[in-house]
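Novice: Structure here, sequence nowhere to be found:
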C-alpha cells in the first residue's frame, strides 16, 4: 500500500506542476481523463514490477500474486516463475525411441547351457555399465597353473539379437529459489531403465506382454549455495570431456556415473572451481567366483557346504574333498556369503579450469575397501587414484559450424581405485575359493579358513578420447575410443594361492579358477556415429560400435553393434 500511495502522490504532483507551468488552469475534461488513464497505466506497471524475482524479498515468502496475473520468465533458461513465489521451475526431458542390433557378441543368460536369449537387463549397446564386460568369449583357451588344462568356453552361437525400446526416455524437474545464503535448488531426474537381479521373474515374457520397464531414479539432489547433498554425476567424473552416443558407449571414463554424495564447491575468478566430496562407498573385488560388489546377491539356491570328509583318489596323491551329503565338491563360499562391507566414504577432490577454448580438470580420490565375513575375517585395504581430463575447442574463435568442434580426452590410474575408473575392481581376493582341506572348510573351521584369506589392491588405468565434428549446423559426428586395463592377481583367483593344498586347475580337488578365469583384464570400445538435428530439439542418429574383451587368461571376445534412435526433447 505504501508503494501504491507513493506512486500516486508522485504522479499527482507531476500533473499539478505540469498544469501550473503551462498555465492551463481550465484544462478540458478530455485532457484530464487522458492524464488519469496514463496514471493508472503507470500504477499497473509498478504493481507488475513488484512481482518480478529481483524485487521480491529473499527467503521464499509468497507475495500473493492476484488472480489472472501473467506467468513470467524464470531466473534460468526455459524456466517460469511459479505464481505467488520467487521459485523458478523448469520441466524437461525427452522421449527416445531406440533400435539396437547386435550383429555379434550380445551377453546371454544362463539357460540352454549358456546359449539362451538375452537377459534384458542390458539392451543399450556396449559400454562400461552394459554389455561390454560380458561379451561371449571365443571357443577355446588354456589355463596355466600347476597343470595345463584346456578349457572349453561358451563361444555363443546365439549372440545375435534385435531390440527396440524407449526405456532410456527421461523426465526431470528443476526448481531454483534465491536465498540470502545463495541459490537453493531441488532437482530430480528419472528414466525407465530399471533392472532386476531376478531377471526370470521380473522380465518373464517381457516382449510378449507390453514391457516390464519401470521408473528409475537417475538423479535427485538438493543444493544451498555451494553445498550439495543427494545423487548426481559422481564428483570424480568429468561429463564435459565425454562424447555423445546413440546407445550406451562409454569406456575408460572416470566413474562412477551417478552416485549419492555430499559435496561443496568453490568458484573463484579466472574460471577456477574447487570441489570436495564424501561419496557413498561401494566395496568391490575380483574373487574366484567372479567380480562382485558389496551388494551382490548370493546365489539363492546354493546351500552351504556340509561336513566334509577326506577321500583319497587314485589319480592324484592329493586328497580331494567330497561332501558327505551330496558326494560332490562343496560350493565356493562366494555362493553363500559376500564379505564386502562399506565403512568409510570415498573422499574425492577436483580442481577445474574453464576457458573459452575448453577446460582442464584434475581429480584425486582415496577409498577404503573392507572385507568382513562376520567371523574372523576383517581386512581393510586403502585405495587411491587420480584422473586428468579436459576438452579442446580448436576453432572456438572461428565462424560457422566448425566453431563447435570439440576434442575431449581423459586418462587416469590408481591402486585400489576400483569403480572410480569404469569397469575396474578395487581388490583381488581368494575369499570364496573352495577349500580342499577338510580342516579348513568354510563351515567346518571358519577360523582356519579365514586365516588363509589373502587380499591385495588391484592396479588399474583407463583412458578415452572423444572427437566431435560439426559438418553443418544440423549435422554432427562423434568418433570415440576408450580402454580400461586392470592387473588382476591371478594367483589369488586361479588356484596357486587358493585355500587348498594345490592340484591342477579344473581338477576335482581344485576348482578355484572356473569363474576367476573369466575376470576381465582389458576392455576396449570404439564408436562412430552420425546425428542429424533438423530442429534444435530433435535428434535422429545412427551409430556403429566395436567392443573387445580380454580375460585374465587371455581369452577374447568381440561385439559388433548397430544402433539407431529418434529423440525429441522438451
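Specialist: Done, it's in. All figures in this text were calculated on a predicted structure; none of them were measured in a lab.
Novice: I'd say residue 359 and residue 352 touch.
Specialist: Yes. Checked against C-beta atoms under 8 Å, the pair residue 359 and residue 352 is within contact range at 6.3 Å. Yep, even glycine has a C-beta here, placed from its N, CA and C like the rest.
Novice: longest strand anywhere in this structure?
Specialist: Scanning the chain for the longest strand, with DSSP state E as the assignment, gives strand 88-104.
Novice: What residues does residue 169 make contact with?
Specialist: Residues near residue 169 by C-beta atoms under 8 Å, 6 or more residues apart in numbering: 93, 94, 95, 96, 191, 192.
Novice: cutoff 10 Å now
Specialist: Contacts here follow C-beta atoms under 10 Å, 6 or more residues apart in numbering; on that basis residue 169 touches 93-98, 190-193, 213, 567-568.
Novice: now that we have these, which one has the most neighbours?
Specialist: Counting neighbours by other C-beta atoms under 10 Å, residue 98 comes out on top of the contacts of residue 169 with 22 neighbours.
Novice: Excluding covalently adjacent residues, which one is nearest to that one?
Specialist: Closest residue in space to residue 98, ignoring its immediate chain neighbours: residue 565 at 4.7 Å, by C-beta to C-beta, 6 or more residues apart in numbering.
Novice: what's around that neighbour, how many residues?
Specialist: Residue 565 has 21 nearby residues by other C-beta under 10 Å.
Novice: cool, and residue 476?
Specialist: The number of residues near residue 476, taken as other C-beta under 10 Å, comes to 22.
Novice: mind listing what it touches?
Specialist: 244, 401, 404-406, 468-470, 529-533, 539, 541.
Novice: That one and residue 289: what is the separation?
Specialist: 44 Å (C-beta to C-beta, to the nearest Å).
Novice: Could I get the full set of strands for the stretch 451-570 of the chain?
Specialist: 455-457, 459-470, 475-486, 520-532, 538-551, 556-569 (DSSP state E, counting those that start in this stretch).
Novice: Turn those into JSON lines, columns for mean pLDDT and distance to residue 239.
Specialist: Converted to JSON lines, those look like this (pLDDT from 0 to 100; distance: least, C-beta to C-beta, whole Å):
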{"stretch": "strand 455-457", "mean pLDDT": "95", "distance to residue 239": "28"}
{"stretch": "strand 459-470", "mean pLDDT": "97", "distance to residue 239": "11"}
{"stretch": "strand 475-486", "mean pLDDT": "96", "distance to residue 239": "14"}
{"stretch": "strand 520-532", "mean pLDDT": "96", "distance to residue 239": "17"}
{"stretch": "strand 538-551", "mean pLDDT": "95", "distance to residue 239": "18"}
{"stretch": "strand 556-569", "mean pLDDT": "94", "distance to residue 239": "17"}
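Novice: Of all those, which one is nearest residue 77?
Specialist: Residue 77 lies closest, by C-beta to C-beta, to one member of these: strand 556-569, at 13.2 Å.
Novice: Please name the strands paired to the closest one in the sheet, noting orientation.
Specialist: Using DSSP bridges, the strands paired with strand 556-569 are strand 88-104 (antiparallel), strand 538-551 (antiparallel).
Novice: and residue 105, which of the strands of the stretch 451-570 of the chain is closest to it?
Specialist: Of these, nearest to residue 105 by C-beta to C-beta is strand 556-569, at 2.7 Å.
Novice: quick check: angle from that closest one to strand 520-532?
Specialist: 30 degrees (axes from the mean of the first three to the mean of the last three C-alpha atoms, to 10 degrees).
Novice: for the strands of the stretch 451-570 of the chain, which one sits closest to residue 277?
Specialist: Once these are compared by C-beta to C-beta, strand 459-470 is nearest, at 19.7 Å.
Novice: list the helices and strands the closest one packs on?
Specialist: Applying 3 or more C-beta pairs under 10 Å, 6 or more residues apart in numbering; DSSP states H and E, one finds that strand 459-470 makes contact with strand 378-392, strand 406-415, strand 475-486, strand 520-532.
Novice: From residue 291, how far off is residue 428?
Specialist: From residue 428 to residue 291 the distance is 10 Å (C-beta to C-beta).
Novice: can you give me phi and psi for the nearest residue to residue 225 once chain neighbours are set aside?
Specialist: Excluding its sequence neighbours, the residue lying closest to residue 225 (C-beta to C-beta, 6+ apart) is residue 182, at 2.8 Å. When read as degrees, to the nearest 10, the backbone of residue 182 gives phi 110, psi 180.
Novice: ok so, going back, let's have the helices and strands packed on strand 459-470 in JSON lines, adding distance to residue 341.
Specialist: JSON lines is the format used below for those (distance: least, C-beta to C-beta, whole Å):
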{"stretch": "strand 378-392", "distance to residue 341": "9"}
{"stretch": "strand 406-415", "distance to residue 341": "20"}
{"stretch": "strand 475-486", "distance to residue 341": "22"}
{"stretch": "strand 520-532", "distance to residue 341": "24"}
